[in-house]
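Trainee: Generate a structure from the sequence data that follows.
(2 chains)
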Amino acid sequence: MFVNHHEVLPLLGQVANAVSGAINRARPELAGSDPVVRRSEHSDFQSNAALALAKRAGVKPRDLAAELAATFDDGPIGSVELSGPGFLNITVPDKAVWGQVSARMAGPRLGVGTPEEGRRTVIDYSAPNIAKEMHVGHLRTTIIGDSLARVLGFLGAEVIRQNHLGDWGTQFGMLIQYLNEHPEATWRRDELSDDTSAVSALDELYKAARKEFDADPAFADRSRSRVVALQSGDPATLARWKEIVAESEKAFRDIYDRLGVLLTPEDSVGESFYNPMLGDTITELVNAGIAVDSEDALVIFSEEVTGPDGDPVPLMVRKRDGGYGYDTTDLATIRYRIHDLKANRLLYVTDSRQALHFRLIFEAARRAGWLTDAIDAEHVAYGTVLGPDGRPFKTRAGGTVRLMDLLDDAVARARAVVAEKNPDLDPAALDQIAEQAGIGAVKYADLSTSRVKDYAFDVNRMVSFTGNTGVYLQYAHTRIRSILRKAGDPEVTIDPTIPLEPAERALALELDAYSTTLVEVSDALEPHRLCGYLYGLARDFTTFYEACHVLNADEPIRGNRLALCQLTARTLKHGLGLLGIAAPERM
RNA sequence: GCGCUCGUAGCUCAACGGAUAGAGCACUUGACUACGGAUCAAGAGGUUGCAGGUUCGAGUCCUGCCGAGCGCGCCA
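Mentor: Coordinates of the predicted model:
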């Protein structure tokens, strides 16, 4: 049954309830079966329930369909037609369609409810490394994770964002030692020019340190001692490390601000945060007999997965040298998120190559009794960003693509495209729009393909005004806004007695499906479904726009059409917002 | 060796197990003095990698092949 948490129940849900009611009355023994209601090309909706249930009912599908059709009570259903082997083609009355439109217009939430209410969801995403430049590899996790945080949050989930910074490790010993020995090095943001970031400077210094480490055994020794000092909490070393973390976070924030993601400093919970918990975590795993000694290290052997030699694949809980790696941290992390954060859903938005790692972590957490059936843990995996050659995206020189450079490039292309389209824009407005369009283009391109697949980064296609692009949707929004402005942005009221033109009906039904789409996104954790929906909505609007003139129409038709314009504009803007993309008034 | 993911129009991508597999780009032919040319209408383009199976029904689920990418102890 479609009950629950919908502020405005979509027609699809109302029809589903009606079909369920018919099933209950006609065949009580089949009560509770899926009514199998879908949008349809042949009518407003179709139910395939008769096909699915005929065998259990012991009758021919067509006969069962006829039986159901005769059993509908008064509801949202206007007419029912039997078609093909047993499809029910269901049409809803115009009045009901208008009713949905005005109900959705009435509230700020577009009639979308909060089905995720009561669910506490931890989303782990972005996770750049301290003292390292953010690069193309951080693009997808940051964008996808942020969109999911927005969608789930809007649907009522209590979202806890976790930016699992790479802020710990032996490399910091080397870097700190080098900085101590080279006080003349500039790397703090205040000391740098605007086009250089702290992480960029630190990245260079780290390379220099690495070089010295390899060349000078004395420096290597001092670096190792510095690691020990850091890990044992030596105040001066710790202070320097904290400074590096803080400066790096400034650089990350510059990127986050530009990308328009929700992450804040409070969301930063890096690897170092779990250091004090590693001991207890390990003790618990050892006492439970899950973590065992192997070749002087402490490991957890998988009971499900084997490696190249046919032996079980291990998680490395404690290295032979007594150190801890990311396996240990991730075990402490999942334990913390379950026990302390009390999450009932855990999402890890990382590269699909880490699939095995998370499988092992989840398995271990289950064996340890932390991860129960009441908790949903999911690796939200995504594919690689490819260059034009079909290989992982690199600079022409073969280096890593800095995220800032990639964004600069996209904004520059967007600026050219927008300037050509609208030469009258003043420079300040052009700057702002180019930024919104360029960033939006990158984000939309990333979000609009199914996330498990690799995709090719093609700036020219991203910033195109045609096709399934962010720019197209932003433009669609501005065009509708233009109509509404011209009408004086009136308060509109709908006259539900006016019959719907086919293009109006198609548009209105699509608008009504917004909440259904969002629920799909939150279930499948696939933002590209929202992209596909918005694109379809924009196309439905185009068809409507061609077929039904708005401003020249007579009242009350004009008012009804303005209402469709208004709800379309709001839905587009809202949907883009959930993708983290701006919807400017003009372009 | 084992495992995971992917394979759909020339290209980039869609399609909760549902009717004739859809869009965009590119291509062909037409149309338009309206709300910002966001063009619009028609056409062409497919054995959904191959072969079996489950099902009333399979691009979708299962099995086996083929091809591509990735992963499998002390890096995250």
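Trainee: Around RNA strand B, pick out the residues from the stretch 351-500 of chain A.
Mentor: A:352-357, A:383-384, A:421-422, A:448-450, A:452-456, A:458, A:461, A:464-468, A:472, A:475-476, A:478-480, A:482-483, A:486 (C-beta under 7 Å from any atom of the strand). Glycine gets a C-beta too; all of them are placed from N, C-alpha and C.
Trainee: Identify each of the helices in the stretch 301-450 of chain A and give its residue range.
Mentor: Along the stretch 301-450 of chain A, counting by DSSP state H, counting those that start in this stretch, helices occupy A:326-339, A:355-367, A:403-421, A:427-447.
Trainee: which residues sit in contact with the residue in chain A that RNA strand B sits nearest to?
Mentor: Closest approach between chain A and RNA strand B, counting by C-beta to the nearest atom of the strand: residue A:467, at 2.3 Å. Applying C-beta atoms under 8 Å, 6 or more residues apart in numbering to residue A:467 gives the contacts residue A:461.
Trainee: in what helix or strand does the residue nearest to residue A:179 when sequence neighbours are not counted lie?
Mentor: Closest residue to residue A:179 in three dimensions, ignoring its sequence neighbours and counting by C-beta to C-beta, 6 or more residues apart in numbering: residue A:185, at 6.2 Å. Per DSSP states H and E, residue A:185 falls between elements, in no helix or strand.
Trainee: The residue of chain A closest to RNA strand B - that's part of a strand, no?
Mentor: No. Secondary structure of residue A:467 (DSSP: H, G, I helix; E, B strand; the rest coil): coil, not part of a strand.
Trainee: Could you tell me which residues of the stretch 201-350 of chain A lie near RNA strand B?
Mentor: Near RNA strand B, when you scan the stretch 201-350 of chain A using C-beta under 7 Å from any atom of the strand, you find A:271, A:294-297, A:299, A:305-311, A:313-314, A:316, A:319-321, A:323, A:325-327, A:329.
Trainee: which residues in the stretch 51-200 of chain A form strands?
Mentor: A:79-83, A:87-91, A:120-124, A:158-162 (DSSP state E, counting those that start in this stretch).
Trainee: Could you confirm whether the first one reaches RNA strand B?
Mentor: Yes. Between strand A:79-83 and RNA strand B, judged by C-beta under 7 Å from any atom of the strand, the touching residues are residue A:83.
Trainee: Low-confidence regions, the stretch 1-150 of chain A specifically.
Mentor: A:1-6, A:74 (pLDDT under 70).
Trainee: oh sorry, the question was meant for the stretch 301-450 of chain A
Mentor: Using pLDDT under 70, nothing in the stretch 301-450 of chain A is flagged.
Trainee: which sections of the stretch 151-300 of chain A are below the confidence cut-off?
Mentor: Ranges of the stretch 151-300 of chain A meeting pLDDT under 70: none found.
Trainee: Walk me through the domains of chain A.
Mentor: According to automatic domain parsing, chain A comprises the domains A:11-92, A:171-263, A:470-578.
Trainee: so how far is the second one from its chain's centroid?
Mentor: The chain centre lies 31 Å from the centre of domain A:171-263; the measure is C-alpha atoms, centre = their mean, to the nearest Å.
Trainee: repeat for the first one
Mentor: A distance of 35 Å separates the C-alpha centroid of domain A:11-92 from that of its chain, computed with C-alpha atoms, centre = their mean.
Trainee: And for the closest residue to residue A:271 other than its chain neighbours, the neighbour number?
Mentor: Ranked by C-beta to C-beta, 6+ apart and with sequence neighbours excluded, the top spatial neighbour of residue A:271 is residue A:168, at 4.3 Å. Neighbour count of residue A:168, defined by other C-beta atoms under 10 Å: 21.
Trainee: What residues sit buried inside stretch A:34-46?
Mentor: For stretch A:34-46, a neighbour-count test (16 or more other C-beta atoms under 10 Å) marks A:35-37, A:40, A:43-46 as buried.
Trainee: how big is the angle separating the longest helix anywhere in chain A from helix A:427-447?
Mentor: Using DSSP state H, we find that the single longest helix of chain A is helix A:235-259. Helix A:235-259 and helix A:427-447 are oriented at 100 degrees to each other (axes from the mean of the first three to the mean of the last three C-alpha atoms, to 10 degrees).
Trainee: what angle do the next helix or strand after helix A:235-259 and helix A:326-339 make?
Mentor: Under the assignment DSSP H and E, the closest C-terminal helix or strand after helix A:235-259 is helix A:275-287. Relative orientation of helix A:275-287 versus helix A:326-339 (the same axes, to 10 degrees): 90 degrees.
Trainee: tell me what helix A:275-287 is packed against?
Mentor: strand A:297-306, strand A:312-318, helix A:326-339 (3 or more C-beta pairs under 8 Å, 6 or more residues apart in numbering; DSSP states H and E).
Trainee: List the neighbouring strands of the shortest one plus their orientation.
Mentor: The one in question is strand A:312-318. strand A:297-306 (antiparallel) (DSSP bridges).
Trainee: close enough to count as contact, residue A:56 and residue A:30?
Mentor: Yes. Counting by C-beta atoms under 8 Å, residue A:56 touches residue A:30, with 6.3 Å between them.
Trainee: Looking at those two, which is more packed in?
Mentor: Neighbours of residue A:56 and residue A:30, each counted by other C-beta under 10 Å, are more numerous for residue A:30; the result is 16 against 12.
Trainee: what's the offset of stretch A:470-488 from the middle of its chain?
Mentor: For stretch A:470-488, the distance to the chain centre is 25 Å (C-alpha atoms, centre = their mean).
Trainee: quick one on the thing from earlier: mind listing what the residue nearest to residue A:179 touches?
Mentor: Here residue A:185 is in contact with A:178-179, A:201, A:205 (C-beta under 8 Å, 6+ apart).
Trainee: for those, which one is nearest residue A:98?
Mentor: Residue A:98 lies nearest to residue A:201 out of the contacts of residue A:185, by C-beta to C-beta, at 60.7 Å.
Trainee: which residues are contacting stretch A:315-329?
Mentor: A:168, A:170, A:271, A:274, A:278, A:281-282, A:285, A:291, A:295-300, A:302, A:331, A:357, A:360-361, A:364.
Trainee: for stretch A:530-545, same thing?
Mentor: Residues contacting stretch A:530-545 (C-beta under 8 Å, 6+ apart): A:147, A:151, A:444, A:447-448, A:468, A:472-473, A:476, A:480, A:501, A:503-504, A:506-507, A:510-511, A:513-514, A:517-518, A:521, A:564, A:568, A:571-572, A:575-576, A:578-579.
Trainee: avg pLDDT for it?
Mentor: Averaged across stretch A:530-545, the pLDDT comes to 94.
Trainee: So which bits of that stretch are buried?
Mentor: Quick answer for stretch A:530-545 (16+ other C-beta under 10 Å): A:530-535, A:537-541, A:544-545.
Trainee: Quick check: the farthest pair among those residues?
Mentor: The most distant members of those, if one measures by C-beta to C-beta, are A:530 and A:545, lying 22.0 Å apart.
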